[in-house]
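**Q** Quick one: sequence plus predicted model below, questions after.
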Amino acid sequence: MDYMEQALSMAKLALGEVSPNPAVGAVIVKDNEIIGKGYTQPPGSGHA
């Protein structure tokens with residue numbers, strides 16, 4: 001699975017849980033190694 005597919009899979013975890021925010025997934029890669037990943041959390045949860 002490539003990095004974009006992984007990010008999309010992460011976003012799917014947020015579907016139906018994060019309205020009115022968008023379902024977003026992210027994969028952080030450095031030197032071809034995944035060093036972080038995450039997805040939108042429900043409103044009221046911790047965020048950046």
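**A** Ah, there it is.
**Q** from here on, contacts and neighbour counts on C-alpha atoms
**A** Will do.
**Q** Count residues in the vicinity of the closest residue in space to Glu17 that isn't next to it in sequence, would you?
**A** In space, and not counting its chain neighbours, Glu17 is closest to Pro42: 5.7 Å by CA to CA, 6 or more residues apart in numbering. Counted by other CA atoms under 10 Å, the residues lying close to Pro42 total 17.
**Q** Identify the residues contacting Pro42.
**A** Applying CA atoms under 8 Å, 6 or more residues apart in numbering to Pro42 gives the contacts Ala14, Glu17, Val18, Ser19.
**Q** Assumed the third one was part of a strand.
**A** So that's Val18. No - counting by DSSP: H, G, I helix; E, B strand; the rest coil, Val18 is not part of a strand but coil.
**Q** so who does it touch?
**A** Residues near Val18 by CA under 8 Å, 6+ apart: Thr40, Gln41, Pro42, Pro43.
**Q** Among those residues, the buried ones, what's the ChimeraX command?
**A** In ChimeraX, a selection of the buried entries from those looks like this (16 or more other CA atoms under 10 Å):
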select :40,41,42
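**Q** Quick one: the contacts of Val18 as a markdown table, columns for secondary structure and pLDDT too.
**A** Output for the contacts of Val18, formatted as a markdown table (DSSP: H, G, I helix; E, B strand; the rest coil; pLDDT from 0 to 100):
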| residue | secondary structure | pLDDT |
| --- | --- | --- |
| Thr40 | coil | 93 |
| Gln41 | coil | 93 |
| Pro42 | coil | 92 |
| Pro43 | coil | 90 |
